[in-house]
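**Q** here is a sequence with its predicted model. Questions after.
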Amino acid sequence: MPEATRGLTVLRGGVAAVADAAGEAERRGFHTVWSPEFYTRSAVVTLCQIAARTSRARVGSSIAYG
């Protein structure tokens, strides 16, 4: 049976706060980090910052407007 994974979805805060939370989540054993897009926060920019602060966690957007 595959190992269970834990993920985090961050809904509030600015880009830096979300990236900080993602880095801390990875240190605590989370495997994935998700961040949706809001009118005040770009999913692409946020995911780039999350990727810069993590090394193993998979990142994804649950919503990204085109």
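**A** That came through fine. Numbering: from 1, shown residues only.
**Q** could you use CA atoms for every contact and neighbour count after this?
**A** OK.
**Q** alpha carbons only: can I get stretch 54-61 in PDB?
**A** Presented in PDB, the C-alpha positions along stretch 54-61 are these (Å, rounded to 0.1, in the frame of the first residue of the first chain):
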ATOM      1  CA  THR A  54      10.500  24.300  -0.600                       C
ATOM      2  CA  SER A  55      12.600  21.500  -2.100                       C
ATOM      3  CA  ARG A  56      10.500  18.300  -1.900                       C
ATOM      4  CA  ALA A  57       6.800  19.400  -1.700                       C
ATOM      5  CA  ARG A  58       4.700  19.200  -4.800                       C
ATOM      6  CA  VAL A  59       2.900  22.500  -5.500                       C
ATOM      7  CA  GLY A  60      -0.300  23.100  -7.300                       C
ATOM      8  CA  SER A  61      -3.100  25.600  -7.900                       C
END
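**Q** how distant is it from the center of its chain?
**A** Averaged C-alpha coordinates place stretch 54-61 at 6 Å from its chain's average position (CA atoms, centre = their mean, to the nearest Å).
**Q** try stretch 24-33
**A** Here stretch 24-33 is found 9 Å from its chain centre; the criterion is CA atoms, centre = their mean.
**Q** just the buried residues of it, please?
**A** For stretch 24-33, burial by neighbour count (16 or more other CA atoms under 10 Å) applies to 25-26, 30-33.
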